[in-house]
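1. below: sequence and its predicted model.
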Amino acid sequence: MTEANSFKPRLHDADADFMRRALCYLESQLTEAQVQQLDAELRADASKVVLLARLSLLRSALLEELLQPSSINNPRRPDKSTDPITPTALEALLRLPLSELRSADMNEAMILQALQSAPERPSAPVINLSRRSKPRISAAVTRPRHLLHSPWAYAGIAAILVAVVLIWTGVMHRGAPDLQQFGPLTLTQSVNARWGGGQPIIKQNARLPAGKLTLESGLAEVMFTNGVRIIVQGPTTFDANSPRQVYLKSGRVVAAVPHTVRGFAVATPNGTVVDLGTEFGVAVRLHQPTIVSVLRGHVRAEITTPAGAVLASKVVAQNQAVKLLGTTQKIGRAGTSAMIVPTAPQPLAFVRPSQLAMAALPPGYRRWRAFSDQLRTDPSLRAYYTFNNRHTAPHELLNRAATTTGRYNGLLGAPGDNHSNPQWSRGQWSNKGSLAFNADRHTAVTLHVGTHFIPQHAMTVAVWLRPTDPGLTGHIINESINQWTRFDLVWLGSRCAEFPKSPMGFYFDWGGGAVITKTIAPSTPGWILLVVTARRGGTANFYINGRLMQRLPCTGPAHPHAATILIGRPEPMANQNECWDGRMDELAIFSRELSGAEIAAMYHAGRPGSGR
């Protein structure tokens, strides 16, 4: 049996109540309220529309058979107007001994025999069930309308209809799997998607089953019947039985709602997010506040009681985020208004629909490009150097941040040193560039950025590094004024003479006192992702390959910053034996602290084994 036939709705899958109401509808025996109820049910379930259509066709064919004078033996009776199907007739029909006919092992002869063994009544017409097309009826033949006046004729029609349905579904479709109930979702794209709960491999453009769904890992884009698209990031558990709402039990989703659809909602254990024509992300963790991050447009975040009363409501605009604390969480003394609390946006923690197509490509450089394209649009990104302009501007290091593009470009080499240019080299991937720094030649990149380039309240520095010798100490990025350090990030190698008690760590100075880590740097060569986040008067957090390794107190900047920054080299009057030796790629500076989820997403987008 073909795949299409295996998903075809069958009449015996419908419940008895729907079959009863469908027959009454075809006989025009439903009230206006019942018709409206049936209409709403058909609009909500496309499979029942198909069932009703097939039931109508079968009924018409059976009526055509009964109207054949040569096929029936009906006693004469006075001509009367057409009798409707009464509830008594329907109840009698449902009491017919046909329950055993649902067995898939019964054949046509056994079903006809069972029909003949029904309670004694006028002889039922004999129908040729093998006939595939309706016979032509001559215009000269007068159709005996009085045949339909008897309740037994209706009972016979219904019995034969049931027999035909059971033969069709039980004999012709023997061995077919039971019809699975489908919800309003269709899988449009997926990347390494693995579904849980015993679900089989779901192919692209296939309908998703109704009820609870769990994406254990990977990415999946699903589309509702009204055009709303949802990006699901595993692991995520959700439930979508209506095209107007999805219930997110845990995990992360991004909803892209077209402007023609308003009011789409993402419900969570802590509250509901109602679309106002937007693209937004929602993250749910067990016993944690729900995070709502608006990527485009506006949403309305709501917290309601089980009875539907609104406890708190807030409109959230683009590039804003809030936490929904919920009615079961402690909200302090601020009352109900504190249940929806503003928080820092985390746009990099969500996969947007515009990036999914590129993420669906083979892993490697194109996967990182998808993340890189999303990264450069972050409004807090102060500067972003992709080290990929070797052929367009070989003597420069171009800034690719969307908010500062055309500014903060770097020049290869240190001021007054014509032999300090780093060399273009192979980057993390074979078709990408990087810069190779040489400690013996004191190579560097000079950035003329002005005095307000380094953030003053919170910041993040992220860079991919591949040291030639992890035991060597080297300055990654440095800003100084007359030997007074204003900003400095140093790789402390195992042979560092200045800090012998902190081998294989990092030195970080934001102008308010140095922060020195202990042994956390990798001791083997290879590309690593180093991320440092800091907040004034808070802590400096050091991440290696997406993992938080150490958190230390950090006072923050106390003096004005310089107008020049050196990459790969300390300022000219410092110890020039501590220049960076190795390759460098993808340097980004933010004016906020990235979250752990965003840093993990950055590492996984370019992790080892993804094509480097």
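-> Received it, and whenever you're ready, just let me know what you need. None of these values were measured; they are calculated from a predicted model.

2. from here on, contacts and neighbour counts on C-alpha atoms
-> OK.

3. so which strand or helix has the closest residue to Gly281 other than its chain neighbours?
-> Using CA to CA, 6 or more residues apart in numbering and skipping residues adjacent in sequence, the residue nearest Gly281 is Val254, 4.2 Å away. Assigned by DSSP states H and E, Val254 belongs to strand 245-256.

4. then Ser372?
-> helix 365-375.

5. count the residues that sit near the residue nearest to Gly281.
-> 25 (other CA atoms under 10 Å).

6. could you list the paired strands of the strand holding Val254 along with their orientation?
-> strand 229-242 (antiparallel), strand 265-268 (parallel), strand 279-284 (antiparallel) (DSSP bridges).

7. which of those is buried the deepest?
-> strand 279-284 (a mean of 25; mean count of other CA atoms under 10 Å).

8. mean confidence for that strand?
-> Mean pLDDT, taken over the full extent of strand 279-284, equals 94.

9. sorry, back to before: can you list contacts of the strand holding Val254?
-> Under the criterion CA atoms under 8 Å, 6 or more residues apart in numbering, residues 228-240, 264-269, 278-286, 350-353 lie in contact with strand 245-256.

10. contact partners for the closest residue to Asn478 other than its chain neighbours?
-> Counting by CA to CA, 6+ apart, the nearest residue to Asn478 once its immediate chain neighbours are dropped is Asp488, at 4.4 Å. By CA under 8 Å, 6+ apart, Asp488 lies in contact with 475-479, 507-510.

11. how near is Asp488 to Tyr543?
-> 17 Å (CA to CA, to the nearest Å).

12. kindly report the same for Gly308.
-> 44 Å.

13. which of these two has more neighbours?
-> Each of Gly308 and Tyr543 has its neighbours counted (other CA under 10 Å); Tyr543 has more, 21 against 8.

14. thought that one was touching Ile528?
-> No. Assessed by CA atoms under 8 Å, Tyr543 is found out of contact with Ile528, at 10.2 Å.

15. so what's Ser242 up against?
-> So Ser242 contacts 183-184 (CA under 8 Å, 6+ apart).

16. an error on my part: the question was meant for Glu396.
-> 389, 409-412.

17. again with Asp275
-> 257, 262-265, 298-300.

18. helices or strands next to the helix or strand hosting Met584 in the packing?
-> Using DSSP H and E, Met584 sits in strand 582-590. Applying 3 or more CA pairs under 8 Å, 6 or more residues apart in numbering; DSSP states H and E, one finds that strand 582-590 contacts strand 381-385, strand 433-437, strand 458-467.

19. and the last one with strand 381-385, angle?
-> Okay, so that is strand 458-467. 10 degrees (axes from the mean of the first three to the mean of the last three CA atoms, to 10 degrees).

20. hmm, who's touching strand 458-467?
-> 525-536, 580-594.

21. mark which of those residues are buried, thanks.
-> 527-536, 580-594 (16 or more other CA atoms under 10 Å).

22. could you pull out the helices in the protein for me?
-> 3-6, 16-26, 32-44, 46-66, 87-94, 108-116, 151-167, 353-359, 365-375, 596-605 (DSSP state H).

23. report the contact partners of Leu381.
-> 401, 403, 588-591.

24. try 6 Å this time
-> Phe590 (CA atoms under 6 Å, 6 or more residues apart in numbering).

25. show me where the stretch 251-400 of the chain has strands.
-> 265-268, 271-275, 279-284, 290-296, 299-304, 310-316, 321-324, 340-343, 381-385, 396-397 (DSSP state E, counting those that start in this stretch).

26. coming back round to it: from the contacts of Asp275, which would you call buried?
-> Applying 16+ other CA under 10 Å to the contacts of Asp275 flags 257, 264-265, 298-300 as buried.

27. got TSV for those residues, with pLDDT and distance to Trp368 too?
-> Listed next are the buried ones among the contacts of Asp275 as TSV, based on pLDDT from 0 to 100; distance: CA to CA, whole Å:
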residue	pLDDT	distance to Trp368
Val257	92	26
Phe264	93	32
Ala265	94	31
His298	93	29
Val299	94	30
Arg300	94	33
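
28. show me the domain layout of this protein.
-> The domain map for the chain lists 3-172, 182-349, 381-605, with the assignment taken from automatic domain parsing.

29. gap between Phe18 and Val284?
-> Phe18 is 38 Å from Val284, by CA to CA.

30. likewise for Ser242?
-> Counting by CA to CA, the gap from Ser242 to Val284 is 20 Å.

31. swap in Asp440?
-> 51 Å.

32. any weak-confidence spans in the stretch 201-350 of the chain?
-> The model of the stretch 201-350 of the chain has pLDDT under 70 over residues 327-338.

33. so where's the stretch 501-612 of the chain uncertain?
-> Ranges of the stretch 501-612 of the chain meeting pLDDT under 70: 501-503, 512-513, 519, 521, 523-525, 558-562, 573-575, 608-612.

34. how about a cut-off of 90?
-> Within the stretch 501-612 of the chain, the stretches with pLDDT under 90 are 501-526, 536-538, 553-565, 569-578, 604-612.

35. just the strands in it please.
-> Going by DSSP E, counting those that start in this stretch, the stretch 501-612 of the chain shows strands at 505-509, 514-516, 528-535, 539-544, 547-553, 564-567, 582-590.

36. which of those sits closest to Phe371?
-> strand 582-590 (11.7 Å; CA to CA).

37. quick one: the closest one to strand 381-385, angle?
-> Using the same axes, to 10 degrees: strand 582-590 against strand 381-385 is 160 degrees.

38. neighbouring strands - and their directions - for strand 582-590?
-> strand 381-385 (antiparallel), strand 433-437 (antiparallel), strand 458-467 (antiparallel).

39. including distance to Leu55 and mean pLDDT, could those go into TSV?
-> Shown next, in TSV, are the strands paired with strand 582-590 (distance: least, CA to CA, whole Å; pLDDT from 0 to 100):
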stretch	distance to Leu55	mean pLDDT
strand 381-385	62	95
strand 433-437	66	94
strand 458-467	65	94
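
40. between those, which one is nearest to Pro570?
-> strand 433-437 (13.0 Å).

41. contacts made by that closest one with the rest, please.
-> 387-388, 422-427, 443, 581-585.

42. okay then, goodbye and thanks.
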